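Engineer: Sequence and computational prediction follow.
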Amino acid sequence: MHPIYLDNHATTPVDPRVLDAMLPYFGSRFGNAASRSHLQGREAEQAVAEARAVVANELNAQASALLFTSGATESNNLALKGVVQAPWYARSGDHVVSCATEHKSVLDTLKALETKGLRYTILPVDTDGRVSPAHVAAALEPRTLLVSIMHANNEIGTVHPIGAIGRAIKAARPDVLFHVDAAQSFGKLPIDVGAMAIDLLSLSAHKLYGPKGVGALYVRPRSPRVRLACQIHGGGHERGMRSGTLNVPGIVGLAAATRFAHSDPEESTRITALRDRLQDGLCSQLQGVRVNGGADARLAGNLNMCFACVDGAELLLEVPEIALSTGSACTSGSLEPSYVIQALGVAPELAHTAVRFGVGRFTSASDIERCISALVAAVQRIRERSPAWTSRQA
Ligand SMILES: *Cc1c(COP(=O)(O)O)cnc(C)c1O
């Protein structure tokens, strides 16, 4: 028996319709999309061209502006290193603005670039986990090249006001580029790279019921044309910006996942209702709980909660029948409390108790009821053996 899966921010199951769309490309349609001299190659090239159009359309971008990558980690690396290391920008700047709750693939890339002379400003977030457009604009320096702010957070689900941030940046400094990590929001929230003044945008298939190991980077083609220093050299694929034989089945899967993102117009309402029921169930039956991240502008399936006097990792061990996480999968090997929860102003002891719930397309109402009863019982069991909780109640 597999546990009930409520970790949809770490990854999502592949939608069976996406799998069906991919299968022929593991079989008879095995061609290399760069082989133009025969039918197998042209079939693959055609599939990639169609996929590029589908994914670009979701961003209201033109197809040629999209590069396929191995996922959002690579896209974030290519966007940040590509701009900072591009000879075109070397004379105009050496500074980047980002925020405290970004994914590690942004924060660690900035750290790596710092050893090569980059300076960067990390903006704090408010108690809801948001940065304000005015704060972003105020952080711009004469030598700022780029701002990188995520669309939706992977731990607390907070949605940043990306359009307002983009417009605030361009109003203050039209030459500063704007990168958005949209790994959690792509296909779930509307994105328009033009209206939101986005120059670079990272996305990933496996957060949207697609396969792992494939994603894309949108690179604005004009006004302004964004220049990137290539990070993977080779055959000159993807307009010279990302060499390597394309992952044709993965790219077909990304496009299918994008198409099916809108096949059920009620999906987001249904997921929101399940998430709200989960939150109400836990909050009504347990004392000493706290919901992390603002109530408005939160991803539909996200719930992140602290349970006073209950270590998050211990709680997960207590409910093996539910698949949950204490924070981001990428940092869950560490014993440090989540830097995202701490950025909200939560003290480290309480941050240690944070648990992330991710409701998704395949979650049922009975999954939620079973999760509520299992969690309530587990929290009560752990608190019964906790001296800290007992003295708090006295
Ligand atoms: C998952 C995630 C990433 C990394 O994406 P991969 O495709 O797994 O490399 C980056 N940013 C955010 C916000 C994510 O949720």
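Structural biologist: Arrived safely.

Engineer: Could I get the contacting residues of L375?
Structural biologist: Residues in contact with L375 (C-beta atoms under 8 Å, 6 or more residues apart in numbering) are 282, 315, 319, 322. Bear in mind the C-beta positions are built from the backbone N, C-alpha and C, glycine included.

Engineer: for R381, that is, sorry about that
Structural biologist: Contacts for R381 (C-beta under 8 Å, 6+ apart) come out as E318.

Engineer: Next one: it from the ligand, what distance?
Structural biologist: 32 Å (C-beta to the nearest ligand atom, to the nearest Å).

Engineer: Verify the assumption that that residue is located in a helix.
Structural biologist: Yes. Secondary structure assignment places R381 in a helix (DSSP: H, G, I helix; E, B strand; the rest coil).

Engineer: what are the ranges of the strands in the stretch 101-250 of the chain?
Structural biologist: 119-123, 144-148, 177-181, 200-204, 215-219 (DSSP state E, counting those that start in this stretch).

Engineer: what's the second one in contact with?
Structural biologist: Outside of strand 144-148, the residues within contact range by C-beta under 8 Å, 6+ apart are 76, 79-80, 83-84, 89, 92-98, 102, 106, 110, 136, 140, 165, 169, 173, 176-181.

Engineer: What of the third one?
Structural biologist: With C-beta under 8 Å, 6+ apart as the contact definition, strand 177-181 has outside contacts at 72, 75-76, 79-80, 83, 102-103, 105-106, 145-151, 162, 165-166, 169-170, 196-202, 224, 226.

Engineer: again with stretch 55-67
Structural biologist: In this structure, residues lying in contact with stretch 55-67 by C-beta under 8 Å, 6+ apart are 49, 52-53, 75, 78, 186-187, 191-195, 201, 203, 216-221, 238-239, 241-242, 254-255, 258, 261.

Engineer: Excluding chain neighbours, what is closest to L66?
Structural biologist: Computed as C-beta to C-beta, 6 or more residues apart in numbering, the closest residue to L66 that is not its neighbour in sequence is A56, at 4.8 Å.

Engineer: What distance do you get for the one you found to L189?
Structural biologist: Distance check for A56 against L189: by C-beta to C-beta, to the nearest Å, it reads 17 Å.

Engineer: And for G235?
Structural biologist: From G235 over to L189 the distance is 35 Å, taken as C-beta to C-beta.

Engineer: which of the two has more neighbours?
Structural biologist: The neighbour count for G235 versus L189, taken as other C-beta atoms under 10 Å, is higher for L189 (16 against 11).

Engineer: neighbours of the closest residue to H2 other than its chain neighbours, just the number please.
Structural biologist: In this structure, H2 finds its nearest non-sequential neighbour in A323, 7.8 Å apart by C-beta to C-beta, 6+ apart. By the criterion of other C-beta under 10 Å, A323 has 17 neighbours.

Engineer: Near the ligand, which residues of the stretch 1-150 of the chain? Just list them.
Structural biologist: 71-73, 103, 105, 150 (C-beta under 6 Å from any ligand atom).

Engineer: most neighbours, which of those residues?
Structural biologist: Ranked by the number of neighbours (other C-beta under 10 Å), those place A72 first, at 29 neighbours.

Engineer: That one contacts S105, correct?
Structural biologist: Yes. Counting by C-beta atoms under 8 Å, A72 sits close enough to S105 to count as a contact (6.7 Å).
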